[in-house]
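Asks: How does the following fold in three dimensions:
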Amino acid sequence: MGAPVGEQEIQFTVRRSARARRVRVNVHAHEGVEVVLPARAPERAAGAAVSELRPWIERRLQEARRARASVAARAGTLPYLGESLELVAEAGRTRVHRDGARLLIPAGDARPALERFYRRAARAEMAPRLDRATALAGTRYSGLDIRAQRTRWASCSSSGRMSFNWRLMLAPESILDYVVWHEVCHLEVADHSPRFWALVERRWPRWREDRDWLRRNGATLVL
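Replies: Numbering: from 1, shown residues only. Next up is the predicted model:
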């Protein structure tokens with residue numbers, strides 16, 4: 001669908017959600033503009049929301065173009081905790097293997113195998129970081145999941161179960177550590193109140209720098 005905005009038409013998709021309580025507009029770096037409508041909202045509400053949010057949408061679309069250009073510029077390589085690894089395709093290979101500064105990958109579409117590799121690596125990197133952070137904080141977590149959340153980098157359940165997005169492995173190492181400490185602090189303070197951020201400040205003083213990096217570059221953390 002499209003909504004006329006000035007001289008240009010912004011294309012968007014519409015998704016109905018039984019859980020949505022209001023109209024919500026999402027701008028995804030690689031999927032474009034999505035309008036989420038409550039189940040009973042009229043279809044015209046989507047176009048109205050896009051028109052109303054035009055300046056914000058245009059800024060986000062510009063950021064998305066920059067993110068896609070950044071991803072395209074690294075052709076033949078992938079980031080791994082701040083390193084740049086060369087992709088080397090091998091016929092007959094089904095599993096990704098790291099060989100120093102190279103990633104040996106299957107020929108053809110290697111993305112499924114690469115995601116499995118990064119998921120395994122994420123668990124191996126997250127677990128000791130969580131263990132160390134909770135030991136220092138004097139807290140405990142109940143379990144660890146590696147997921148592919150669309151809108152979150154991590155979460156901490158009320159029972160203390162931790163979930164982390166495997167795409168954090170594409171970020172610099174300090175970003176991974178920041179997100180770990182962010183979630184460990186949620187074991188003590190569940191919300192994002194001033195008390196929570198004061199705790200983050202004590203545990204990870206450079207949190208603002210890492211949070212801002214993730215906001216600016218999160219859309220580039222894709223295969």
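Asks: what secondary structure does the closest residue to residue 60 other than its chain neighbours sit in?
Replies: Spatially, and ignoring its direct neighbours in sequence, residue 60 is nearest to residue 27 (3.7 Å; CB to CB, 6 or more residues apart in numbering). Where C-beta positions appear, they are placed from N, C-alpha and C, glycine not excepted. At residue 27 the chain is in strand, as set by DSSP: H, G, I helix; E, B strand; the rest coil.
Asks: Can you pull out the low-pLDDT segments for this structure?
Replies: Within the chain, the segments meeting pLDDT under 70 span 1-8.
Asks: quick check: longest helix of it.
Replies: helix 111-137 (DSSP state H).
Asks: which phi and psi does residue 161 have?
Replies: Dihedral pair for residue 161: phi -80, psi 130, per degrees, to the nearest 10.
Asks: Surely it touches residue 147?
Replies: No: applying CB atoms under 8 Å as the test, residue 161 and residue 147 come out as separate, 11.3 Å apart.
Asks: Common neighbours of the two, please.
Replies: Contact criterion CB atoms under 8 Å, 6 or more residues apart in numbering; no residue bridges residue 161 and residue 147 by contacting each.
Asks: Count the residues that sit near residue 210.
Replies: 20 (other CB atoms under 10 Å).
Asks: Now it: closest residue in space that isn't a chain neighbour?
Replies: residue 178 (3.7 Å).
Asks: Hmm, the one you found is touching residue 211, no?
Replies: Yes: with contacts counted by CB under 8 Å, residue 178 reaches residue 211, the gap being 6.8 Å.
Asks: the more surrounded of the two?
Replies: Shown here are residue 178 and residue 211; by other CB under 10 Å, residue 178 has more neighbours (25 against 16).
Asks: ok, now which ones touch the more buried one?
Replies: Residue 178 touches 204, 206, 207, 210, 211, 214, counting by CB under 8 Å, 6+ apart.
Asks: How about residue 119?
Replies: By CB under 8 Å, 6+ apart, the residues touching residue 119 are 146, 166.
Asks: Residue 193 too?
Replies: The contact partners of residue 193, taken as CB under 8 Å, 6+ apart, number zero.
Asks: could you redo the last one with a cut-off of 10 Å?
Replies: Applying CB atoms under 10 Å, 6 or more residues apart in numbering to residue 193 gives the contacts residue 199.
Asks: For it, grab phi and psi.
Replies: Residue 193 adopts backbone torsions of phi -70, psi 170, taken as degrees, to the nearest 10.
Asks: Likewise for residue 147?
Replies: As for residue 147, its main-chain torsions (degrees, to the nearest 10) stand at phi -130, psi -180.
Asks: Residue 153 now?
Replies: With angles defined as degrees, to the nearest 10, residue 153 sits at phi -90, psi -30.
Asks: ok, the residue nearest to it when sequence neighbours are not counted - contacts?
Replies: Spatially, and ignoring its direct neighbours in sequence, residue 153 is nearest to residue 165 (4.9 Å; CB to CB, 6+ apart). Counting by CB under 10 Å, 6+ apart, residue 165 makes contact with 122, 146-155, 171, 179, 218, 221.
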